Structures are given as C-alpha cells and as structure tokens.
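1. Any chance you could fold what I've pasted below:
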Amino acid sequence: MLNKSVYYSRFGPPAEVLEIRSAPAVPPGPGEIRVRMLARPINPSDLIPVRGAYAHRIALPAVPGYEGVGIVEETGPSVPAGLLGGRVLPLRGEGTWQESVLAPAGLAIPVPADIPDETAVQLYINPVTAWAVCETLRLGYGDTLVVNACGSAIGRVFAQLAGVFNYELIAVTRSGAHTEELLRLGASHVISTGATPLREEVLSRTGGLGATAAVDSIGGPDGAALAGCVRPGGTVFSLGLLSGVPVDWAQMSRLYRVDARPFWLRHWIRHASAEKWRGTFEEIMELVGDGRLSLMQIAARCGLDDVHAAVAAFESGLPGKILLTGVGDEGLRG
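-> Here you go, the predicted model:
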C-alpha cells in the first residue's frame, strides 16, 4: 500500500519547497497505530519549520503538520484491539500532512462522537498551549493577563479560558475589528494599539500596577512594549514571532524586572506524564462539549494534492481555518 504525503527536502518558502510524494506505507510496530487521516489544519507552527527556523533539530526530508484527526486503520503488537476503527488525534508521531500516519497508541487521544472533525483538528496546538500557559502561570482570581495579537486563534482561546481560570484578560489587537467578539468571549478589556499607547492603557486598567503576566506572539517592538506592561516580578511568555523580529528577552527582564522568556509547548509535553497529557485533553474536550470553548470556523477545505493552494489561502490572511482534507478533494471550497 502506498502512502501519499506532503514533504520538504530543503528549507525555504513553502510555495517553493513543499512537494507531494508516494512511498510504501510502513506497518505499525509494537505500541503503534496507523491512522488514516480525515483532516488537518494549517497553523503558523506548521510552516515555521518549513522555512528553516528550527533547522538544527529537523532531519530532512520531513513531513509538516502537528494536528489532525483520523481513523485507526491498523494496530501494532501489544495495542488494544478496541482502538481499531476509532476516531483519534494521532499526536506526537509523524507529521500529519499525509494520507496515514504512525503514532504512539498510548498517546493517541480518542475523540468523542459529538465533536465534529472540524473542531477535533483544532484541539491540540492552540487550546493545549493556552491551557499549559495558564497552569504554568498559576493564573486565578485577582490576576490580570495581557495578550497581544489577540484576534488570533490562540487569542480567542485565552479570552474563553479567562472564565475557566477566573483571571482578567486584557486583549491587545491592531484594530477594533475583534473588540466585540473578544468581549463576548470573555476578555475584560480590549486595547487597539493603533489608537492608544499600550503601557499607559494597561496601567490605567490595572490601577497603576501593571498586568500579572503577558503573552507575546509578535516579537519585535510589540513584544518589547508588552514586557513594559507587566508589574515587577511578573512573567512574560513568548509564544511566537509573527513579526519575524526577535526580542532580547534577557534585556527586557533586566529593564522591567520581570521574568521574560520563550514558552515552548514541546518542553511542557516533555515533562507531562501520560495521565497529565490525557487529562488536559479531557478538560478541553469537556469545555468544547458544554459550549464554554469554541474554536475557529472553517474558511476553506482543500485536498492534500492541492497543498500549494491551501498554503496560499492561509498566507493571504483568509479569516478562519484552512483544512487539508482527503487526497482527492477538488480544490478550495468554503
């Protein structure tokens, strides 16, 4: 049996380096499952490695994709037979941008029947990252978290988790386009950086104290400005680099007397037990099931063969999630 996949054998712009290939499918080994993929989203974190940001720890050729949902079609030795035919998130295995993937059976997350594929594919990167950040910061009553790029998928999750962890969220956006939605989702305040000096606004809304903690996804001047919004002794986590411009977090720590540093989901995963891993997903799926956490709407779907069109749609800023679905799907559709 052949397995079709998206792959890259060199780093560079996704439009130039992503290719399609077919190779014999490898049967699952002990403790493994083979999952026939139904859908996978495109996230910024999927494309950053393709461009070479983590070249030091990626062996080429590589298959992109961290998220996705599929059906267990084959099990290896010592895997419970009950998994066969079940719908799961095949995480922490191979890249998901292929027809079928091998994954550790013990870490696969079963998906309840009432969660559709379009939601299931989004349950990992953004919700688990936001949940892990909130737990690591020990956010609770009386705390204020300030998050920039808050109109993003993960920003929307932080807004909704404010009610779960009982903290106040100050959402920072470039314009007022997301203000109404973020307030509805749970943000206490929304600040548009296009109209207001950020530090002054945050101090004003925190009684002059500054925020307890901050989350930066932009870097550059925006990330540095966010560090100035946190009270001495607080924490700033860097989750991304949308601007492409790094921040000297050591300098920010000294300047503002805060603990400013990157937050890597892979480090959290490395130290999480299997019970913690599964328990986090159970908490998140419960929130989704009872309506306390909603994820992004789907903007378009595209077959795996049309990955270049899908990536172009993603990079155009099309609102909502772009899904890579079955191999034979015909082009983008909403």
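2. tell me the domain ranges of the chain?
-> 2-123+295-325, 126-267 (automatic domain parsing).
3. Make CSV out of these and add mean neighbour count, distance to Met285 and mean pLDDT.
-> C-beta: built from backbone N, CA, C; applies to glycine. Putting those into CSV (neighbours: other CB atoms under 10 Å; distance: least, CB to CB, whole Å; pLDDT from 0 to 100) gives the following:
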stretch, mean neighbour count, distance to Met285, mean pLDDT
domain 2-123+295-325, 18, 6, 95
domain 126-267, 19, 9, 95
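4. Which residues does the longest helix seen in the chain contact?
-> Looking across the chain with DSSP state H, the single longest helix is helix 274-289. Helix 274-289 has contacts (CB atoms under 8 Å, 6 or more residues apart in numbering) with 89, 106-107, 109, 111-112, 114-115, 119, 123, 127-128, 131-132, 160, 164, 269, 272, 293-295.
5. again, only this time at 6 Å
-> Ile109, Pro127, Val128, Trp131, Leu293 (CB atoms under 6 Å, 6 or more residues apart in numbering).
6. Also stretch 33-46?
-> 28, 64-65, 67-75, 90, 96-97, 100-103, 105, 117, 121-122, 125, 314, 321-325.
7. And Tyr167, how far from Glu200?
-> 22 Å (CB to CB, to the nearest Å).
8. Looks to me like Gly194 is in a helix.
-> No - using DSSP: H, G, I helix; E, B strand; the rest coil, the assignment for Gly194 is coil, not a helix.
9. Does Leu324 lie in a helix or a strand, and which?
-> Per DSSP states H and E, Leu324 falls inside strand 321-325.
10. partner strands of that strand, parallel or antiparallel?
-> Sheet pairing for strand 321-325, assigned by DSSP bridges, gives strand 32-41 (antiparallel), strand 298-303 (parallel).
11. Pull that strand out as PDB, backbone CA atoms only.
-> Output in PDB follows, covering the C-alpha atoms of strand 321-325 (Å, rounded to 0.1, in the frame of the first residue of the first chain):
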ATOM      1  CA  LYS A 321      -9.000  27.800   9.500                       C
ATOM      2  CA  ILE A 322      -7.800  26.200   6.300                       C
ATOM      3  CA  LEU A 323      -8.200  22.500   6.300                       C
ATOM      4  CA  LEU A 324      -6.300  19.900   4.300                       C
ATOM      5  CA  THR A 325      -8.800  17.100   3.900                       C
END
